[in-house]
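Chemist: give me a 3D structure for the following:
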Amino acid sequence: MKTLLLAASATLIAGAAAAHDFGFAGILSNTNQGEDLPTLTLASGQPIADGPIELESGKVYELEIEADGSAELGLEGPGFFRNVWVNEVVINGLEIRPYGLESVEFDQAGTMEIEFIAIKPGQYFLRIPGSTGESQRVDITIR
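Modeler: Residues are numbered from 1 along each chain as shown. Predicted coordinates for the structure are as follows:
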């Protein structure tokens with residue numbers, strides 16, 4: 001009897017799934033894409049960004065960072081990186097899927113793309129390590 005009930009249940013579930021194309025939901029939905037973010041620039045004596053960045057929790061974003069090679073520069077932001085989920089980091093076409101990040105650094109000119117999902121609302125920043133100037137940091141708000 002149990003076998004008959006299990007077989008009938010499996011048939012009903014399979015039929016219902018075949019009748020509907022549910023597609024992706026939540027984070028995997030293509031309606032979950034955030035707007036384009038401004039490119040961050042790492043260049044000696046130049047501001048990182050034109051202004052602050054606002055993100056929406058639960059949305060997928062791609063952050064592009066360009067370095068001109070004028071100096072060995074990096075970005076740190078442990079508070080930011082601990083409150084987003086990093087899907088991948090792409091450097092020269094190579095994809096890296098890290099467990100987490102705390103900082104990135106450029107020893108020469110290049111471009112890096114970081115795809116992430118904004119998770120925890122709050123006020124965060126990315127800055128050049130050891131710098132104190134306002135133009136050497138970008139404030140990020142996750143709503």
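Chemist: check whether residue 104 really touches residue 113, as I assumed.
Modeler: No - using Cβ atoms under 8 Å, residue 104 is not in contact with residue 113, being 11.0 Å away. Where C-beta positions appear, they are placed from N, C-alpha and C, glycine not excepted.
Chemist: residues contacting residue 33?
Modeler: 59-60 (Cβ atoms under 8 Å, 6 or more residues apart in numbering).
Chemist: quick check: beta-bridge partners of it?
Modeler: Listed beta-bridge partners, residue 33: residue 60 (assigned using DSSP bridges).
Chemist: so the most centrally placed residue in the chain, which of the three states?
Modeler: Taking Cα atoms, centre = their mean as the criterion, residue 116 is the residue nearest the geometric centre of the chain, at 1.4 Å. Put simply, residue 116 is strand when judged by DSSP: H, G, I helix; E, B strand; the rest coil.
Chemist: setting aside sequence neighbours, what's the nearest residue to it?
Modeler: Sequence neighbours aside, residue 84 is the residue nearest to residue 116 in space, at 4.4 Å (criterion: Cβ to Cβ, 6 or more residues apart in numbering).
Chemist: likewise for residue 95?
Modeler: In space, and not counting its chain neighbours, residue 95 is closest to residue 88: 5.1 Å by Cβ to Cβ, 6+ apart.
Chemist: got a list of what residue 34 touches?
Modeler: Going by Cβ under 8 Å, 6+ apart, residue 34 touches 55-56, 59-61, 118.
Chemist: as a markdown table, those residues with distance to residue 92 and pLDDT would be great.
Modeler: Below are these laid out as a markdown table (distance: Cβ to Cβ, whole Å; pLDDT from 0 to 100):
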| residue | distance to residue 92 | pLDDT |
| --- | --- | --- |
| 55 | 26 | 96 |
| 56 | 30 | 94 |
| 59 | 27 | 93 |
| 60 | 22 | 93 |
| 61 | 21 | 94 |
| 118 | 26 | 95 |
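Chemist: out of those, which end up buried?
Modeler: Taking 16 or more other Cβ atoms under 10 Å as the criterion, what is buried in those is 55, 59-61, 118.
Chemist: sweet, I'm off.
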